[in-house]
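K.L.:
coordinates only, sequence not included:
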């Protein structure tokens, strides 16, 4: 061995030296340069509006269009008001509004008491017809027949909305607008309402022995067969009597108001 040769020669022992191999036969790793991505590659260009005045102009145009629409709607509402057409928002009953009713705001102060009395009369006929269905249902269960049950439901389903449309709403509008024509409609149809209450309180044996209405004659007839049914019918008779008396009083009060107001 040549003593001048260095056993620690870097070319012989360094496996990490540049090249494809070493004299000792061990593979060497070639150094590769580290590639770094350009940091500007991830930047996204967001276009900016170069003309802010254009944006302000668009906003101003939109505001102008909204103002024009509001003015147009207001002109239409004013035209309807001048023509006597009112937009009535449904607000009664509060839990499920189906009609428009606001005595304190739309009826003159001196007529509000009469309007409340008429409203109580309308609620009274609603109560009478609903209770009539209950009493007749008890009679049907006890063997009174299904026909009287169907008739009682027809009375309620027709009588409640018709009483509102035919005499209560005309009175409401007559009080609000002081219209003699509407007062005339009310008086005519309210007399029919009173006549129905009197017939229901008597319940003559005309339609199915009168048992479809809880009048005095039907109450006496059912009491002899079923005491429970008779009690229900007597309560219904009392309700119809009270409704008839209240309606007569309301008719007198409103007639005096109409005569004195005219």
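P.N.:
Now that the structure is in, tell me what you want to look at. Predicted, not measured: the structure shown is a model, and the values here were computed from it.
K.L.:
now the helices for the stretch 1-150 of the chain?
P.N.:
Secondary structure of the stretch 1-150 of the chain (DSSP state H, counting those that start in this stretch): helices at 10-13, 52-82, 103-106, 112-139, 146-163.
K.L.:
check those for me: which has the lowest mean pLDDT.
P.N.:
Here the helices of the stretch 1-150 of the chain differ in mean pLDDT, and the lowest is helix 10-13 at a mean of 49.
K.L.:
winner for burial among the helices of the stretch 1-150 of the chain?
P.N.:
Ranked by mean neighbour count, the helices of the stretch 1-150 of the chain are led by helix 112-139 with a mean of 19 (mean count of other CB atoms under 10 Å). From N, CA and C alone the C-beta is placed, and that goes for glycine too.
K.L.:
tell me which other helices or strands it touches.
P.N.:
helix 103-106, helix 146-163, helix 169-177, helix 180-202, helix 227-261 (3 or more CB pairs under 8 Å, 6 or more residues apart in numbering; DSSP states H and E).
K.L.:
if we can go back for a sec, take the helices of the stretch 1-150 of the chain and write them to JSON lines, including distance to residue 171.
P.N.:
Conversion of these to JSON lines gives the following (distance: least, CB to CB, whole Å):
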{"stretch": "helix 10-13", "distance to residue 171": "119"}
{"stretch": "helix 52-82", "distance to residue 171": "22"}
{"stretch": "helix 103-106", "distance to residue 171": "11"}
{"stretch": "helix 112-139", "distance to residue 171": "5"}
{"stretch": "helix 146-163", "distance to residue 171": "11"}
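K.L.:
closest to residue 216 out of those helices?
P.N.:
helix 112-139 (13.1 Å; CB to CB).
K.L.:
and that closest one with helix 169-177, angle?
P.N.:
With axes from the mean of the first three to the mean of the last three CA atoms, to 10 degrees applied, the angle from helix 112-139 to helix 169-177 works out at 170 degrees.
K.L.:
tilt between helix 112-139 and helix 227-261?
P.N.:
Going by the same axes, to 10 degrees, helix 112-139 makes 160 degrees with helix 227-261.
K.L.:
can you offset everything so residue one is 162?
P.N.:
Okay, residue one is now 162; in that scheme the one you just asked about reads as helix 273-300.
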